[in-house]
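>>> Can you look at this prediction? I've put the sequence above it.
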Amino acid sequence: MESGRSQASPHVLIFPLPIQGPVNAMLKLAELCATSGLKVSFLNSEYNHNRLVRFANIHSRFGKYPGFEFRTISDGLPRDHPRSGSRFMEIFEAMNLRTKPLLKDMLVEISPPVDCIIGDGILGFVLDVANELGIPIINCCTIGACYLWSNYSIPDMIEAGELPIKGSEDMDRPITAVPGMEKFLRCRDLPSFCRASNMSDSTLLRYGTVTRKSLTACGLILNTFEELEGPILSQIRTKCPNIYTIGPLNEHFKIRLSPENEVSSQSSNCFWEVDRNCMSWLDKQPNQSVVYVSFGSIAVMSDEQILEFWHGLVNSKKRFLWVVRPNSVAGKGFQGEDTPVELVEGTKERGYIVGWAPQEDVLGHQAVGGFLTHSGWNSTMESIVAGVPMLCWPYFADQQLNSRFVGEVWKLGIDMKDACDRKIIEKMVNDLMVERRDEFVKSAAEMARLAKACVTVGGPSYCNFDRLIEDIKSISLHNHDCCWPIRNSQTTNSCSG
Ligand code: UDP
């Protein structure tokens, strides 16, 4: 593995968790790396690569970067596996078992050799393979620092007797063993895998162990920014000092690429066909009058849940643009013959339904005044930078915690978790769009301002990205055998590195 290293352009292999959010974010990171002179190999699952080729013009877009290559690898699941809903978590075991050895073979054979891996922090086996082969690895986490830190603290929560959560417990019981979250964390803000009925103590412990291991990488890239998660980032820095906060990544991407590269910045990285007709519909709606509704790329809802949301939205009398992804409804399906007539009529009057939307453009549209979201991290960051207040209905994993931060810590909206009732939805949509609108608009506008400042030239996220590139170049020059050029990554605004 040692010969042939240290070329003029360091070779970086970028490997996201193969789902829409991380692939979207890490493709942006990959393009930023390519424009900074790195040779990038982007590793997709075969399944997702076919979808990107079909729905996003990836080959022509990335073909212009010398040395940029897409590579593919099996995600270990059969073709007809849904890769969504309650079966989504199966991907981790499948990848560990089948993708890991394939990755190792690929890295041994790849030419030119890889100087540095940017892996998804949630895929612990990538770190193992990198360590075995002596390749420096930086983990990229497309989750919030808050979730990373709460997962890190799982062993502490177990030791304090706060986990696992028992079946019949009061879900408002406070959780105090996560430093920095003592004042507001409750059982219901933790992911469902923290409940004993779902999993044994040892499996739960494994989640904490994987997170702890992910912090042993040479560095950690996070799609967040200091003003949003500063206190939690300080906690993480005590365990992993070399952190590159480069978010909000979507805005960062626009700032660096947009002036010369308008087309690229608007291109889709989507696994589904983007329906842009909704933009013309938005053009006809009054300013800030529309609730944008999307539950991301993995959530699967029952017919009953869909009906509750639909009634709630129609009864709220607010305009709405709703993404109902193909295959996102279990059971009989969406818009069947027996759909109540008032829903059909209410939607004709004030609604618009699409299969997949150009989300960033939608959130940036002047007609959008609120976001009913599942609180996926990428959606949360996109909403924050667009200054759109959120109504959160978290589905699983990190989303329960993200929504708590949105509602309780950042005050950017309302956390509706654990309720799916038309009356509550109607009321909360009205709270978001009318009753409490002023307070949310004020805090969302201020957070959007801070977010944008972080990624403008000289801002902390902008400087951190430059530092990341310098560090990768430096490590490849030194043939990997010296230690990583760790510099203190405190919340400095200095671009000097
Ligand atoms: N997204 C999109 N169009 C849609 C719905 C979602 O482009 O109609 C994108 C959204 O902009 C985000 C990603 O899909 O970048 C979803 O990622 P997130 O982390 O929010 O949720 P996940 O899909 O992982 O649950």
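Received the coordinates, thanks.

>>> going forward, measure contacts and count neighbours with C-alpha atoms only.
OK.

>>> My guess is Ile91 contacts Pro78. True?
No. Using Cα atoms under 8 Å as the test, Ile91 is too far from Pro78 to be in contact (10.4 Å).

>>> neighbour-wise, which of the two wins?
Ile91 (18 against 11; other Cα atoms under 10 Å).

>>> tell me which residues in the host helix or strand of Asp466 are buried?
For Asp466, the host element (DSSP states H and E) is helix 460-477. Within helix 460-477, the residues that qualify as buried are 460-469, 471-477, counting by 16 or more other Cα atoms under 10 Å.

>>> for stretch 133-142, same thing?
Buried residues in stretch 133-142 (16+ other Cα under 10 Å): 135-142.

>>> still on that earlier bit, from the chain's centroid, how far away is the helix holding Asp466?
Once both centres are worked out by Cα atoms, centre = their mean, to the nearest Å, helix 460-477 turns out to sit 22 Å from its chain's centre.

>>> cool, stretch 327-345 as well?
Distance, centroid of stretch 327-345 to centroid of chain: 29 Å (Cα atoms, centre = their mean).

>>> start to end distance for it?
Stretch 327-345 stretches 24 Å from its first residue to its last (Cα to Cα, to the nearest Å).

>>> Show me what the mean pLDDT comes to for that stretch.
For stretch 327-345, the mean pLDDT works out to 82.

>>> Quick check: the gap between the residue of the stretch 1-150 of the chain found nearest the ligand and Tyr47.
Residue of the stretch 1-150 of the chain nearest the ligand, by Cα to the nearest ligand atom: Gly21 (3.5 Å). Here the criterion is Cα to Cα. By it, Gly21 lies 15 Å from Tyr47.

>>> Give me the more crowded residue out of those two.
Using other Cα under 10 Å as the criterion, Gly21 and Tyr47 rank with Gly21 on top: 21 against 17.

>>> between whichever strand or helix holds the more buried one and helix 460-477, what angle do the directions make?
Gly21 belongs to helix 20-35 when assigned by DSSP H and E. With axes from the mean of the first three to the mean of the last three Cα atoms, to 10 degrees as the basis, helix 20-35 and helix 460-477 are set at 60 degrees to each other.

>>> Pull out the buried positions in stretch 317-326.
Using 16+ other Cα under 10 Å as the test for burial, stretch 317-326 gives 317-325.

>>> Figure out the length between the terminal residues of it.
End-to-end distance for stretch 317-326: 26 Å, by Cα to Cα.

>>> for stretch 40-54, same thing?
Stretch 40-54 end-to-end distance (Cα to Cα) = 21 Å.

>>> next one: stretch 163-171
Taking Cα to Cα as the criterion, the two ends of stretch 163-171 lie 12 Å apart.

>>> And for stretch 147-156?
OK, stretch 147-156 end separation, Cα to Cα: 15 Å.

>>> circling back: quick one: distance of the helix holding Gly21 to the chain centre.
The chain centroid and the centroid of helix 20-35 are separated by 12 Å under Cα atoms, centre = their mean.

>>> circling back: of the buried residues of helix 460-477, list those near the ligand.
Among these, none lies close to the ligand by the criterion of Cα under 6 Å from any ligand atom.

>>> can you tell me which residues contact Phe68?
Residues near Phe68 by Cα atoms under 8 Å, 6 or more residues apart in numbering: 34, 39-42, 62.

>>> same thing with Thr216?
Contacts of Thr216 (Cα under 8 Å, 6+ apart): Cys240.

>>> With Ala56 instead?
Contacts of Ala56 by Cα under 8 Å, 6+ apart are 267-271.

>>> and the stretch 351-497 of the chain, which residues reach the ligand?
So the stretch 351-497 of the chain meets the ligand at 356-360, 376-379 (Cα under 6 Å from any ligand atom).

>>> Can you show me the strands along the stretch 151-300 of the chain?
Counting by DSSP state E, counting those that start in this stretch, the stretch 151-300 of the chain has strands at residues 219-222, 243-245, 290-294.

>>> so what does the first one touch, helix or strand wise?
For strand 219-222, the elements it packs on are strand 137-141, strand 243-245, judged by 3 or more Cα pairs under 8 Å, 6 or more residues apart in numbering; DSSP states H and E.

>>> CA atoms only: put the first one into CSV for me.
Coordinates of the C-alpha atoms in strand 137-141 are reproduced here as CSV (Å, rounded to 0.1, in the frame of the first residue of the first chain):
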residue,chain,number,x,y,z
ILE,A,137,-9.6,8.4,8.0
ILE,A,138,-11.7,11.4,8.8
ASN,A,139,-15.3,10.7,9.8
CYS,A,140,-18.1,12.8,8.3
CYS,A,141,-21.3,12.9,10.4
